[in-house]
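*Asks:* Predicted coordinates and the sequence they were generated for:
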There are 2 protein chains.
Amino acid sequence: MSACDIRGLAAAARQAGRALALASSAEKNRALQAMAAGLVAGTERILAANGGDVAAAKAAGRSPAFVDRLTLSAKRIEAMARGVRQVADLPDPVGEITGMWRRPNGLLVGRMRVPLGVIGIIYESRPNVTADAAALCLKSGNAVILRGGREALASNRAIAEILSAGLASVGLPSASLAVVPSPDRALVKEMLGLSGLIDVIIPRGGEELIRAVRAEAAVPIIAHEKGLCHTYVDEGADLRMASEIAFNAKVERPGVCNAMETLLVHRDVAAAFLPGFVRRLQAAGVEVRGCPATRAIVPDVAAAAEADWDTEYLELILSVRVVATFEEAVAHIARHGSGLAEAIVTADHGRAMRFSREVDAAAVFVNASTRFTDGYEFGMGAEMGISTQKLHARGPMGLYELTCQKFVVLGEGQIRDSRA
Amino acid sequence: MSACDIRGLAAAARQAGRALALASSAEKNRALQAMAAGLVAGTERILAANGGDVAAAKAAGRSPAFVDRLTLSAKRIEAMARGVRQVADLPDPVGEITGMWRRPNGLLVGRMRVPLGVIGIIYESRPNVTADAAALCLKSGNAVILRGGREALASNRAIAEILSAGLASVGLPSASLAVVPSPDRALVKEMLGLSGLIDVIIPRGGEELIRAVRAEAAVPIIAHEKGLCHTYVDEGADLRMASEIAFNAKVERPGVCNAMETLLVHRDVAAAFLPGFVRRLQAAGVEVRGCPATRAIVPDVAAAAEADWDTEYLELILSVRVVATFEEAVAHIARHGSGLAEAIVTADHGRAMRFSREVDAAAVFVNASTRFTDGYEFGMGAEMGISTQKLHARGPMGLYELTCQKFVVLGEGQIRDSRA
């Protein structure tokens, strides 16, 4: 196979995936344990490859944050191995039939959970994703084609070779795990067109990358567009609870998608809530930008521009708006939210019910921080990412979201009579 | 709004859909009953519009089958109304939370079923689909944009006006149901590009239409590609049962997607099974095309060409192949099947288990006819169509497949500590 034969790579993965789809949980778990052991045993080899990648990235003048994400260490490799072992411990979704129902003619009808087939992952220069994604795809019975950032290619190839050896060591087909072996961007384009060979592509990265992938893909994709999350403090809310939740949502880790970007406050509690809360934010280094009503209460905050309501800051900046009614808060979220995670702080049961019903987002929170939007936090185990789309997967994507269902119908000779 | 402002139509549907998403089951059912009554009361008006469509189609020299599908009658309108009332009787999926789980920190996490938003339907000149699709979208809380065949435009507009009036009569927003008001094909193209306004497009029609839609759509689509279904008669099968099931799958309604196109027979039962079964088929007017081993047993059948194994006949033609092993049958299906419906006739429990696990199709049957691949037959009620894709919906699409899920998380002040 030439370095550029991505169609051949996908066809081989598809073929190998058929065997993987039928592997038992025990076999897959043995492979995952072998992979984890291989990563630890191969630390020197991975670090050697990674060292080259890191040197090239530094020479190319990439930012310190970029270089940090790219850089591996013995400790980080141990963490990768631990992640792979954790996937082995998760329940295997494949083959599950949650129930069958009996039809009047005696047919038993149910749905069996099965792998999707071949999953393509396009991601940035973060070599740890290579092991995470490979482990999740293997456990869910899927072949995987990994296309990480070009700057991490040597690291990814070293990691993938070790993981493939783990597969082979328990008799599973190593072709079911492939790294696109060239940094050529034309290959990404080709990958996006492989309908029939790749069942779904999951792009992970910035808005720019997602938009480009979505525009070009013939293969279905599951993606995370962006996270513009709100917290709404309702009239009559416990203001101490509101302060805790909103502070956590903004400050605990501001650079992630499920952090809060805009705070909405009901006007009846604005005067009691905002002065103290804004002081607390400012003390934590947060820049606050407010609507006129906010600034009337806390004059020293900057004025929010119209564009602020649509901005995912991903840093210590917060826009604040006072709303006259619950309905105004819900309407603001419908207009400006990204459909990822939205929260209300309220003491009113009816409002809690309405908010959870009326707000259209992957995750809706009552009296809790949007920061919980995460596969581990939801109890689903390791995640492949968070989908902000509605079809197939919405919210954190775990092993279940990497599978689909088929109908299984068990009969005893039934035939159909359309005229009946 | 100009006749061509499809973006405006979709934006209005989206806005209206927000109210529809929150409507109670009782409201939606009252609307469906009003729609059904409106169809019956509006029979003359519908027939007048339809008469014009039919005359134009005849004048344009369309085939009798085409004209038959286009033609309405008082009886057919009554059947449409009955279909709408049946949708009212189906359980409402919206708002369902099948379970919540408690996390160690006390958070309750669950998934709530919610409408997709705005659904686009592109279909052929069959006015009955207008009422069916509108009823299913309404019951599942979705706005709908209907683009039927251009030859049925007057009929569809008359039907949609009546249905919209039914919505308005119970206070639901009539803009949530819209027919594309012009036959201009450029509007279909525009519709396929309305990401963010239309959540999913369901094309219904021939392979050609589906392919064209898939190639152009920026909006996600759910589609039925084609149906090339097999029945495999295993060694040791009850041959009387096999004859009944295979005959039903081929002959009962050969023009539909879930009819059998290829019969696979294990070589150990071929001599006992094929002569009688082929005679039975021939007596029913079926043309049989066999592999060499088939023709060695039943010399008067025609030779199957390689292309036969990949042909969806949709008529009284059957290709027959003798296989040496169970594995060969499964491999033939993997190579030539369309992923719609596949059946085994077997007396062996292990083979039944393996077939249902190893065959990758929307529906897998053990000892039953593939003809049962249908929403009603599976007990799911009326269907919007049958999906042959894997993401989101696979197999018959009922009300559930027109919805998605969101996470609902109920807390009492929980915040996240990443360092924990």
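*Replies:* All right, it came through fine.
*Asks:* Name the strands paired with the longest strand anywhere in chain A and say parallel or antiparallel.
*Replies:* Secondary structure of chain A per DSSP state E: the longest strand is strand A:403-414. Here strand A:403-414 is paired, per DSSP bridges, with strand A:108-115 (antiparallel), strand B:363-368 (parallel).
*Asks:* Three-state assignment for A:Val213, please.
*Replies:* Of the three states, A:Val213 takes helix under DSSP: H, G, I helix; E, B strand; the rest coil.
*Asks:* Any idea what the residue nearest to it when sequence neighbours are not counted is bridged to?
*Replies:* Once flanking residues are discounted, A:Val213 sits nearest to A:Pro203: 4.2 Å by CB to CB, 6 or more residues apart in numbering or on different chains. Quick note: C-beta positions are derived from backbone N, CA and C, even for glycine. For A:Pro203, the beta-bridge partners under DSSP bridges are A:Ile122.
*Asks:* hang on, the earlier thing: of the strands paired with strand A:403-414, flag the one that's most buried.
*Replies:* strand B:363-368 (a mean of 26; mean count of other CB atoms under 10 Å in any protein chain shown).
*Asks:* pull the CA atoms of it into CSV?
*Replies:* Output of strand B:363-368 as CSV, limited to C-alpha atoms (Å, rounded to 0.1, in the frame of the first residue of the first chain):
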residue,chain,number,x,y,z
ALA,B,363,-33.8,-6.0,10.4
VAL,B,364,-32.7,-9.6,10.8
PHE,B,365,-35.3,-12.4,10.8
VAL,B,366,-35.2,-15.9,12.1
ASN,B,367,-37.9,-18.2,10.7
ALA,B,368,-40.1,-15.3,9.4
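*Asks:* Name all residues that make contact with whichever residue of the stretch 1-150 of chain A sits closest to chain B.
*Replies:* Residue of the stretch 1-150 of chain A nearest chain B, by CB to the nearest CB: A:Val109 (5.1 Å). Residues near A:Val109 by CB atoms under 8 Å, 6 or more residues apart in numbering or on different chains: A:Met100, A:Trp101, A:Arg102, A:Arg103, A:Phe407, A:Val408, A:Val409, B:Phe378, B:Gly379.
*Asks:* returning to that earlier point: for the strands paired with strand A:403-414, could you give me CSV that also reports mean pLDDT and distance to A:Leu146?
*Replies:* What follows is the strands paired with strand A:403-414, written out as CSV (pLDDT from 0 to 100; distance: least, CB to CB, whole Å):
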stretch, mean pLDDT, distance to A:Leu146
strand A:108-115, 97, 17
strand B:363-368, 98, 31
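*Asks:* Now distance to A:Ala131 too, for these, in JSON lines please.
*Replies:* Converted to JSON lines, the strands paired with strand A:403-414 look like this (distance: least, CB to CB, whole Å):
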{"stretch": "strand A:108-115", "distance to A:Ala131": "19"}
{"stretch": "strand B:363-368", "distance to A:Ala131": "34"}
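*Asks:* so which of those comes closest to A:Arg45?
*Replies:* Closest to A:Arg45 of the strands paired with strand A:403-414, according to CB to CB: strand A:108-115, at 30.0 Å.
*Asks:* now the closest one, how far from the centre of its chain.
*Replies:* Chain-centre distance of strand A:108-115: 25 Å, with CA atoms, centre = their mean, to the nearest Å.
*Asks:* Stretch A:72-81 too?
*Replies:* On the basis of CA atoms, centre = their mean, stretch A:72-81 sits 21 Å off its chain's mean C-alpha point.
*Asks:* average model confidence for that stretch?
*Replies:* Per-region confidence: stretch A:72-81 scores 97 on mean pLDDT.
*Asks:* buried residues in that stretch?
*Replies:* Applying a neighbour-count criterion of 16 or more other CB atoms under 10 Å in any protein chain shown, one finds A:Leu72, A:Arg76, A:Ile77, A:Met80, A:Ala81 buried in stretch A:72-81.
*Asks:* Hmm, A:Lys250 is touching A:Asn258, no?
*Replies:* No. Look at A:Lys250 against A:Asn258 with CB atoms under 8 Å: they stay out of range, at 11.2 Å.
*Asks:* between those two, which one's more packed in?
*Replies:* More crowded of A:Lys250 and A:Asn258, by other CB atoms under 10 Å in any protein chain shown: A:Lys250, with 27 against 24.
*Asks:* Relative to A:Arg289, how far out is that one?
*Replies:* Using CB to CB, to the nearest Å, one gets 12 Å for the distance from A:Lys250 to A:Arg289.
*Asks:* Return the set of residues that bridge with the nearest residue to A:Ala270 once chain neighbours are set aside.
*Replies:* Closest residue in space to A:Ala270, ignoring its immediate chain neighbours: A:Val322 at 4.7 Å, by CB to CB, 6+ apart. A:Val322 has the following beta-bridge partners by DSSP bridges: A:Val265.
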